[in-house]
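[1] what follows is a predicted protein model with its sequence.
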Amino acid sequence: MKRENFQSRLGFLLVSAGCAIGIGNVWRFPYVAGQNGGGLFVLFYLLFLLTMGVPVLTMELAVGRASRKSAVQGYHALEKPGSKWHIHGWFCVAGCYLLMMYYTTVAGWMLDYFVRFLTGSFTGMDAAAISGAFGQMLQSPAEMTLFMALVVVLGFAVVSFGLQKGLERISRFMMTALLLLILMLAVNSCLLPGAGEGLSFYLLPSLSRAMEQGLFSVITAAMNQAFFTLSLGIAAMEIFGSYMTRENTLTGEAVRICLLDTFVALMSGLIIFPASFSFGVQPDAGPSLIFVTLPNVFAGMRGGRFWGTLFFLFMTFASFTTVISVFENLIANCIDMFGFSRKKAVIANCVFLLLASMPCLLGYNVLSGVHLIGGRDVLDTEDFLVSNLLLPLGSLVYLLFCTTRWGWGFDNYLAEANAGEGIKLSAKLKPFFQFVLPALILLIFISGLL
């Protein structure tokens, strides 16, 4: 079967950025920035995104573009005869399934809250009732199943139309809408009374605030966030490399994806911090920020129902673009490895993920007594396996595969990364790629375990 290509370069950039832009940007980034003192954390984050995120992203894209295959088959095509790098491809496939087993539930929460604001469910409720609404939702398996199933079924419906007519077309629309929504929300937040205090906390580096948290802790948190925001290490990005043309260098494309990803993360902070300070709310409230703190902020805001609806529509788009991108990866793997038609792959994966997403969803009610790794609930266990094990170790495998003579080799990787017009990597970076980057990734892995 002839492999599809992206219809345009813009399509590739929006789909790839849509995969990277997800809950990690718009939910995790603001509260981690808040917990780590704001401005200085943001500076370190940008530094690590450039020195770590971009190189590893080019490696995933290079393996995809050179092989024109998905994870397992991609390694098979490029590895030396008799070597076993392709085993990592199976871990990539498992990682994508594991990610979607909890991501679909969280995306369902976003959709649920969008519907609640749209229908005016929060109108007239006091602060205690709004704060309690999230807990009530978690106690309702039927409600959560409905919204998770909507995310899964709609996601597979999109990818059933193929790369250009499905994923690329919908991603263009959703990413354009997402960027417009985020601009509207950020402008509204910045114009609130008292917003200036939130802006200075967020954007002005403060060594004293960072020292309160511990400078090393701030640096490792920034390194972690820069790394995880791109979902590297489980071939989520490699698949889009396999659909690319060779007209543009991979470094140039990776920088553009990172810029879009970072723009959304930074703008999320511009929505959340001014609004939090304006209403006297702590910006480091952790995961509850989105579902407990912000609904109360919107309830106290003029036109709050409108702004709350827009915010959760934005959050729904951010999570859904990641869902459909990873679904495309799962479909491509089934087509490449088992010779499935797209229709058969869509049906099989849709049924599997509807069932596989249930343990996470039930972990807050029926299975609330189940505690797994380190006493974590089901969602946190699945997230720990993906974020703390599969992403850093997977990225290390890609790195070693692309830079050592036992793998594909640095010269082959460099030639692929530099093919086309645009920013080119220098061969002088080889020692940095071979010695410094692996050490930094190991540091992330160890700090994640600790």
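    Thanks, I have the structure now.

[2] strands of the stretch 201-350 of the chain, residue ranges please.
    In the stretch 201-350 of the chain, no strands are defined using DSSP state E, counting those that start in this stretch.

[3] quick check: buried residues in the longest helix along the chain?
    Secondary structure of the chain per DSSP state H: the longest helix is helix 304-338. Neighbour counts using 16 or more other CB atoms under 10 Å place 304-305, 307-337 of helix 304-338 among the buried residues. (Glycine included, C-beta is placed from N, CA and C.)

[4] centre of the chain versus the helix or strand of the chain with the lowest mean pLDDT, how much separation?
    Least confident helix or strand of the chain, by mean pLDDT, DSSP states H and E, is helix 288 with a mean of 72. The gap between where helix 288 is centred and where its chain is centred comes out at 18 Å by CA atoms, centre = their mean, to the nearest Å.

[5] residues contacting that helix, please?
    By CB atoms under 8 Å, 6 or more residues apart in numbering, the residues outside helix 288 that reach it are residue 134.

[6] 6 Å instead, please
    The contact list for helix 288 (CB atoms under 6 Å, 6 or more residues apart in numbering) is empty.

[7] for stretch 136-149, same thing?
    104, 105, 108, 111, 112, 357, 361, 364, 365.

[8] list only buried entries from those residues.
    With neighbours counted by 16+ other CB under 10 Å, the contacts of stretch 136-149 contain buried members at 104, 105, 108, 111, 112, 357, 361, 364.

[9] which one of the residues you listed is nearest residue 92?
    Checking the buried ones among the contacts of stretch 136-149 against residue 92 by CB to CB gives residue 104 as the nearest, at 18.6 Å.

[10] Three-state assignment for residue 80, please.
    Assigned by DSSP: H, G, I helix; E, B strand; the rest coil, the conformation of residue 80 is coil.

[11] can you report phi and psi for it?
    Main-chain torsions, residue 80, degrees, to the nearest 10: phi -70, psi 150.

[12] so for it, what's the pLDDT?
    Note for residue 80: predicted pLDDT of 93.

[13] can you show me the helices along the stretch 251-400 of the chain?
    288, 294-299, 304-338, 342-356, 358-362, 378-384, 391-403 (DSSP state H, counting those that start in this stretch).

[14] select from those helices the stretch with the lowest mean pLDDT.
    Ranked on mean pLDDT, the bottom entry among the helices of the stretch 251-400 of the chain is helix 288, at a mean of 72.

[15] could you identify the most distant pair in the contacts of stretch 136-149?
    By the measure CB to CB, 111 and 365 form the most distant pair in the contacts of stretch 136-149, at 18.5 Å.

[16] how close does the nearest residue in space to residue 108 that is not next to it in sequence get to residue 111?
    Nearest non-adjacent residue to residue 108, counting by CB to CB, 6 or more residues apart in numbering: residue 147, 3.5 Å away. Here the criterion is CB to CB, to the nearest Å. By it, residue 147 lies 5 Å from residue 111.

[17] can you check residue 291 too?
    For residue 291, the distance to residue 111 - CB to CB - is 13 Å.

[18] same check, this time on residue 90
    With distances taken as CB to CB, residue 90 is found 31 Å from residue 111.

[19] residue 418 now?
    From residue 418 to residue 111 the distance is 42 Å (CB to CB).
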